[in-house]
Structure formats: structure tokens, C-alpha cells
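# Build me a structure from this.
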Amino acid sequence: MMECFLATTQTLTRIRNWLVIGGMAILALNFTISPAWALNSEELLDLMVNEKVITPEKAERIKQKARIIDRAKKAEEEAKRARELQRVKQEAKAEAKAEAAKEAKAVVDQKAEDYGLEKISKALKGLKVGVLAYVDYSLGDRPIFMGPPLYTPTGPMGRNVSGHTGYNQWRLQRGYLNIVKEITPWLYARYTPDLHQNNAGEWVWRTKYLYAELRPPNAGRVLTQMKNEIGLGHVPWHDFEEHIWPYRCQGTIPLERAGVFNSADLGVSIRGNFGGKLANAKERVGNTHYDGRYGSWHIGVYNGGGYHAAEVNENKPVEYRFTLRPLPTSLPGLQATYFGLYGKGNNTSANSFGAPFFNYSPDWIVHQGYLSYQNPWFLLAAQMFYTKGNQSGNWTTVPNNPGRPVGNRADSLWTRGFSVYGDVKLPLAWSIPFWRSNHKYPLHVYYRTDWFNADLYKVVSRSAKYTKLMTGLAYYLYKHNLILIGYERTWYGQDYGIQGGTGYNGTGSRVANVTTNGGNLGTDQRFQVVFQISY
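I've put the predicted structure just below:
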């Protein structure tokens, strides 16, 4: 009897478990296939509660889960419909915008065609126009030259100078209008007229640069970023040094200040970098010009007359510069440079050589070594140069010396010069009131000293030399726009620049270019304020 009861109980338990499993399966199928069965599912749960298959609490939990699933599905469908609606709106908006832009372009193109603006737009593409000018105010004095030195049987008595003459003047040292046009990625052109005041006091334009610039591809990894100038262009030295020494507005660089040559000439040249560009040059050395990783180079062949003198001989001077950056990783600002020039002076005057039928021009040779170190905070540089003669061809010995045959040719004099200079950024973060600078530390202090001897071996003069000192402050207003306040003093040798009386014997006139320093003896000085305009 007991065994029969137990068997019946086990059978009822199995039936109840099957009903629970079956009910759950129906619920799962019900919730998965269609939310429309939710009511039937709840009735089934209520039935299962009545039959005591599951507890009311469990049935309620199942119902709550079913409602959550239903709400989630409804929210997902609404979000999907919203996304679809947003996509349709965006497509419609983009289509309308494109259509409006198309219509607007058609109107603009029509107007441009009507007024010829399309041709103007093409002409302006790749065009850059800028100005570089130096407005200078100088206050100073110069010695008055009264004749050659006085001599006695025992030697010279000193300079024949009577007093000094003062000057107080405004000058426009430079007035460049730079026009650069990119014709193609490999062909550029530049035209730079220079506003200049002639001897009559009139302001006239003269051409400083006018050249085509070709940009050939790199020659492997060694010769890179090459530029080829054809026309009235840069000579290898001036542009290089003027992008290291930042104060051309104070005065010309040492070689030009001495009268060896000027900064542009008619010819052909090519330049480039060694080994690509120095990475982050602005942050590491404070300068992006001539930024070859291992240095740069420049070679050219020119007429030799410069940009404001006619060529009077047929010689073609060769000029070349090679710059090495030996430690681009550890000392990127250190550079060593050699500059050379070989040619003839631009002079065949009978007054200079006494033998015009020889058509002779004196030697013009330059050797220069230059060492520089650039840093975002400071600059240091030193140079030494030897020259035989000069560009003008008037640094020569005396032709037709007594006792020599008629037609004895003049020979160029050897010269020597030195220069050292530096520029330091002062760590003062302040600005002039109302002239706030975009430089964090805009105030700089500079110093420069030049020495030059125009007759190194004293062939025609005992003391054809000078020493110059330049120092002052520069305040950078914005980029390269600056104000410079400086002092300059020059000590001349007794024979320097004396036209008509050069040398211890009182003869000759070929020691220095008289236009370089004005033919002044003794000492001159000036206080100077310069406003540099650059854009």
C-alpha cells in the first residue's frame, strides 16, 4: 500500500514539473515571436498560479520581465525610426545645399565672366607682394678733409684736417617692393624694384632683382631643395649672411661696407641644401633660411658690374659658397662657411691704367672664411677675408710709375678684413605701451666690430685702414618689423679714401672706393634710429 502511494506521488510530481517546463517554454516562445501574445501569456501565468504550478510572486516577476522586454523593443523601434528620419532630413539638406551652391557658383561665374574677374583670379593665384623698407634718422659728425697729410723731411706731421662737419638727417635707406609669382610648382619669377634717391634728390625706381627661378628635382639625398636663378639675381654671399646677421637696416655687411662688391648681379646661379632640411629649424636655431641638414651651397657666374653699374669689361666672375653644418643633431646652429670669387674688376678706364689700347682690367679675387653659431636666444659670428682688388677695379697701384715704360699696367692691391658680431635676446617679457609685440622676448642687444685694411702690404699707402664699432638695442614689434637704436663710431687711417693724395708720397687714388665711406679722415660717429618695415 505504501509503495503504491509513493509511486502515485512521484507520478504527480513529474506531471507538475512538465507543466511548469511547458508553461515556461510557451511563455518564451510567446515573448519571442510576437508582443501580441502578451495577454494570453498573462492568462497562462494566472492559470498556472491557480493550479499552483508556480507561485504568484514568480508569476509577477515573469510578467515584469516581459513588460521590460516589450518596452525595450518599442524604444528600439522608435529610435530606429528617428534615425531614419534624421538621415532623410540630412540627405535632403545636403541636396538642397549642393543645389544652392551650384546655382550660386553659376551666378558668380557669370558675373566673373561679365567683369573679367576670372582672368584676374588666375593672375593672382600664386602671387605674393611684400615691402621691405628702412626709415633712418641719424645724428652725427664727420671730419672735414682739407688735403693730403703734411710731410717734413723727417716724416709725416699728421692729418691735414680742420674741424668736423655735423649732420642731422632722415634717410630712406631701402624701399623694396617684392613681387613673387608661382607660375608652376617648378617655375617662379621675382621682380624687386628699389626706391632710390639720386644725386639730384629725386626719388626714382631702379631694379634690384628680376629673375626666373627654376626648382629642379633633388639629385639623390645629397643635393636637395635646389633653386636656379636666371637674370638679375642673388650673388652667393650677401643673402646668406643677411639672413644670419639680422640688422642690415643698421648698415651693409662687412664685405659691402668695405667696398669689395654689392649684393646683386646679372647672371645665372644655382643653390641648394646638403642632405635635405634640418628638422624643426625654427625651434632649434631660430631661423628657417638656408636650413640644410648638413649645410648649403651656391655657385654663380655673373657680369661683374653689380646691379647699379654698367658692365665695362667682358670678364665673367665666378662666385661660390659652401657651408657645412657638421653637428646637426647635437649642435645644429654651428656652421662653417667658405666663400670665393675669381674674376676681373669692372674697370678699363685709361685714367686708371694709362694704356687703354691694352683693354686691361685688374684682378678681383676674394677668399673668405666665416664661422657662425645660431640659437633661438643668441647669435655669434666671426669672419676673415682677403681680397685682391674690388668690384669697381679701383684698388690698384699707380700706373706708369716713374722710370717704368709707358703703358705700365696698374696691379690690384691686396686687402684684409675681419668682423665679429653677436646678437642676444634679453629675457624680459614686456612690451612698449600700445605697441604690444607678438614676440615673447622682443628686446635684443647687438654688437659688431669691423677691421679693414685696403692696402695690406703698404704698396701705395702706410695706413689705408679703418676700425668700426656698432652697438645698440633692437625691439621687435611684430615678426620682422622692428625699431633699432644704435651708436656707430669709425676710426680711419690717415691714408684711407684720400682721392688725389693717397700714400706716403702723396700720389695715387686707388686705396678705397670713395663712395663707400665718403673719403673722410679722422673719426666719425653717429647716433641712429631705424624703423624697419616688413610685410
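# Who are the packing partners of the strand or helix carrying residue 524?
Residue 524 belongs to strand 523-534 when elements are defined using DSSP states H and E. With contacts taken as 3 or more Cβ pairs under 8 Å, 6 or more residues apart in numbering; DSSP states H and E, strand 523-534 sits against strand 127-145, strand 161-184, strand 481-492. In this view, the C-beta of every residue, glycine as well, is placed from N, C-alpha and C.
# Provide the strand pairings for the last one, with the direction of each partner.
Right, strand 481-492. strand 465-478 (antiparallel), strand 523-534 (antiparallel) (DSSP bridges).
# now the ones you listed in TSV, with mean pLDDT, distance to residue 243 and mean neighbour count?
Converted to TSV, the strands paired with strand 481-492 look like this (pLDDT from 0 to 100; distance: least, Cβ to Cβ, whole Å; neighbours: other Cβ atoms under 10 Å):
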stretch	mean pLDDT	distance to residue 243	mean neighbour count
strand 465-478	94	16	19
strand 523-534	93	13	18
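# Identify whichever of these lies nearest to residue 296.
Comparing those against residue 296 with Cβ to Cβ, the closest turns out to be strand 523-534 (22.8 Å).
# Just the CA atoms of that closest one, as PDB, please.
C-alpha atoms of strand 523-534 as PDB (Å, rounded to 0.1, in the frame of the first residue of the first chain):
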ATOM      1  CA  THR A 523      87.000 109.800 -36.700                       C
ATOM      2  CA  ASP A 524      83.300 110.000 -37.400                       C
ATOM      3  CA  GLN A 525      80.300 108.900 -35.300                       C
ATOM      4  CA  ARG A 526      76.600 108.800 -35.400                       C
ATOM      5  CA  PHE A 527      73.500 108.000 -33.200                       C
ATOM      6  CA  GLN A 528      70.900 106.200 -35.200                       C
ATOM      7  CA  VAL A 529      67.200 105.300 -35.000                       C
ATOM      8  CA  VAL A 530      65.800 102.900 -37.700                       C
ATOM      9  CA  PHE A 531      62.300 101.700 -38.300                       C
ATOM     10  CA  GLN A 532      62.300  98.500 -40.300                       C
ATOM     11  CA  ILE A 533      59.000  97.900 -42.300                       C
ATOM     12  CA  SER A 534      58.500  94.300 -43.400                       C
END
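# what sits up against it?
Residues outside strand 523-534 that contact it (Cβ atoms under 8 Å, 6 or more residues apart in numbering) are 130-143, 164, 167, 173, 249-250, 472, 479-492.
# Please type out the ChimeraX selection for whichever of those residues turn out to be buried.
Applying 16 or more other Cβ atoms under 10 Å to those, the buried members can be selected in ChimeraX as follows:
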select :132,133,134,135,136,138,140,141,142,143,173,249,250,472,482,483,484,486,488,490,492
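# got TSV for the strands paired with strand 481-492, with distance to residue 236 too?
Below are these laid out as TSV (distance: least, Cβ to Cβ, whole Å):
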stretch	distance to residue 236
strand 465-478	24
strand 523-534	23
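# Tell me which other helices or strands the biggest helix by length in the chain touches.
Counting by DSSP state H, the longest helix found in the chain is helix 56-115. Packed against helix 56-115 by the contact rule (3+ Cβ pairs under 8 Å, 6+ apart) you find helix 2-33, helix 38-50, helix 117-124.
# rerun that using 6 Å as the cut-off
Applying 3 or more Cβ pairs under 6 Å, 6 or more residues apart in numbering; DSSP states H and E, one finds that helix 56-115 makes contact with helix 38-50.
# Out of the strands paired with strand 481-492, flag the one nearest residue 269.
By Cβ to Cβ (comparing all of the strands paired with strand 481-492), the closest turns out to be strand 523-534, at 24.6 Å.
# any idea how far that closest one is from the chain center?
Its chain's C-alpha centre and that of strand 523-534 lie 24 Å apart, by Cα atoms, centre = their mean, to the nearest Å.
# what's the angle from that strand to strand 161-184?
20 degrees (axes from the mean of the first three to the mean of the last three Cα atoms, to 10 degrees).
# Could you measure from residue 389 over to residue 455?
Shown here: residue 389 relative to residue 455, a distance of 11 Å by Cβ to Cβ, to the nearest Å.
# Equivalent analysis for residue 337, please.
Relative to residue 455, and taking Cβ to Cβ, residue 337 is found at 26 Å.
# before we move on, back to that, so which of the strands paired with strand 481-492 comes closest to residue 277?
strand 523-534 (23.4 Å).
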